[in-house]
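*Asks:* sequence unavailable; structure follows:
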């Protein structure tokens, strides 16, 4: 168990979803000092991060959490965020619409080189995001035939061929498989609030538990903190915990659902 951790995400709205409850869950799990950062542009793909590096673009909202509350600063660059703290971990992810398209991952090397240049000791993790809800009206869903199972399999394939083949990555945050596992429980296909962003209760909570386990060794079974207004999660904790543990053990093998 780590006693202190500093985690920076280079992300988009899906990193916001995954990290919303992470500070509280890490503290509840016994991590004494937690500093979180998130360099955020909505819908930002890897290619745009690479372009922003070349142009030194100050187009990020920088979210930071040192006390359980997220504070934001606009007009920041990737460099601003990377140099703000001596980060232990930096995470990277693809935009959801490109997540299952291997050809979109090529610019990632430019971003990885930049992270290592500024934070050579940081461990880099890949955040594997989730497929859309089966009835999602997201404009990119037709790329995957409006088929949740097809999209999930495409994401798995892209991560296996484009991420795991790069030894710079220290590990994987298999949130996409956690969500797919949860869809196979009595909760069903209800883990998003709009067809693609995670629900404010079960979805975000499960994602944060995943990050806490992978990055800090916090067992899902050791956390009993529940977000304010989400007490109804408690009756479903067994599903959430098992889905997280199963995904971490088998990151590319989801439980079968009605959408599989």
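*Replies:* Structure received. Just so we're clear, the structure is a prediction, and the values are computed from it rather than from any experiment.
*Asks:* give me phi/psi at the residue nearest to residue 68 when sequence neighbours are not counted?
*Replies:* The shortest distance from residue 68 to any residue other than its chain neighbours is 5.4 Å, reached at residue 23 (C-beta to C-beta, 6 or more residues apart in numbering). (C-beta placed from N, C-alpha, C; glycine too.) Main-chain torsions, residue 23, degrees, to the nearest 10: phi -60, psi -50.
*Asks:* wait, what's in contact with residue 23?
*Replies:* Taking C-beta atoms under 8 Å, 6 or more residues apart in numbering, we find residue 23 in contact with 34, 36, 65, 68.
*Asks:* do you have the helices of the stretch 101-250 of the chain handy? List them.
*Replies:* 108-118, 148-158, 175-183, 202-216, 237-249 (DSSP state H, counting those that start in this stretch).
*Asks:* highest mean neighbour count out of the ones you listed?
*Replies:* Each of the helices of the stretch 101-250 of the chain was scored by mean neighbour count; the highest is helix 175-183, a mean of 28, by mean count of other C-beta atoms under 10 Å.
*Asks:* show me the strands in the stretch 1-150 of the chain, by range?
*Replies:* 4-11, 33-40, 60-65, 70-76, 89-92, 123-127 (DSSP state E, counting those that start in this stretch).
*Asks:* in a markdown table: those, plus distance to residue 210, mean pLDDT and mean neighbour count.
*Replies:* Shown next, in a markdown table, are these (distance: least, C-beta to C-beta, whole Å; pLDDT from 0 to 100; neighbours: other C-beta atoms under 10 Å):
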| stretch | distance to residue 210 | mean pLDDT | mean neighbour count |
| --- | --- | --- | --- |
| strand 4-11 | 13 | 98 | 23 |
| strand 33-40 | 15 | 98 | 22 |
| strand 60-65 | 18 | 98 | 20 |
| strand 70-76 | 19 | 98 | 13 |
| strand 89-92 | 12 | 98 | 24 |
| strand 123-127 | 9 | 98 | 21 |
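*Asks:* could I get those as CSV with distance to residue 191?
*Replies:* Listed next are those as CSV, based on distance: least, C-beta to C-beta, whole Å:
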stretch, distance to residue 191
strand 4-11, 19
strand 33-40, 21
strand 60-65, 22
strand 70-76, 22
strand 89-92, 20
strand 123-127, 16
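*Asks:* closest to residue 225 out of those?
*Replies:* strand 33-40 (12.8 Å; C-beta to C-beta).
*Asks:* partners of the closest one, with directions?
*Replies:* Sheet pairing of strand 33-40 (DSSP bridges) gives strand 4-11 (parallel), strand 60-65 (antiparallel).
*Asks:* for the stretch 1-150 of the chain, give me the ranges with low pLDDT.
*Replies:* Scanning the stretch 1-150 of the chain for pLDDT under 70 picks out the ranges 1.
*Asks:* and residue 169, which of the strands paired with strand 33-40 is closest to it?
*Replies:* Here strand 4-11 is closest among those (C-beta to C-beta), at 13.3 Å.
*Asks:* that closest one vs helix 108-118, what angle?
*Replies:* Interaxial angle of strand 4-11 relative to helix 108-118 (axes from the mean of the first three to the mean of the last three C-alpha atoms, to 10 degrees): 150 degrees.
*Asks:* so strand 4-11 versus helix 202-216, what angle?
*Replies:* 120 degrees.
*Asks:* gap between strand 4-11 and the chain center?
*Replies:* In terms of C-alpha atoms, centre = their mean, to the nearest Å, the centre of strand 4-11 is found 11 Å from the chain centre.
*Asks:* which residues touch it?
*Replies:* With C-beta under 8 Å, 6+ apart, strand 4-11 has contacts from 15, 18-19, 22, 26, 31-40, 44, 49, 78, 81-82, 85-93, 111, 115, 122, 127, 211, 215-216.
*Asks:* separation between the residue nearest to residue 68 and residue 62?
*Replies:* For residue 23, the distance to residue 62 equals 16 Å [C-beta to C-beta, to the nearest Å].
*Asks:* got it, and residue 162?
*Replies:* Residue 162 is 27 Å from residue 62, by C-beta to C-beta.
*Asks:* and residue 50, by the same measure?
*Replies:* In terms of C-beta to C-beta, residue 50 sits 18 Å off from residue 62.
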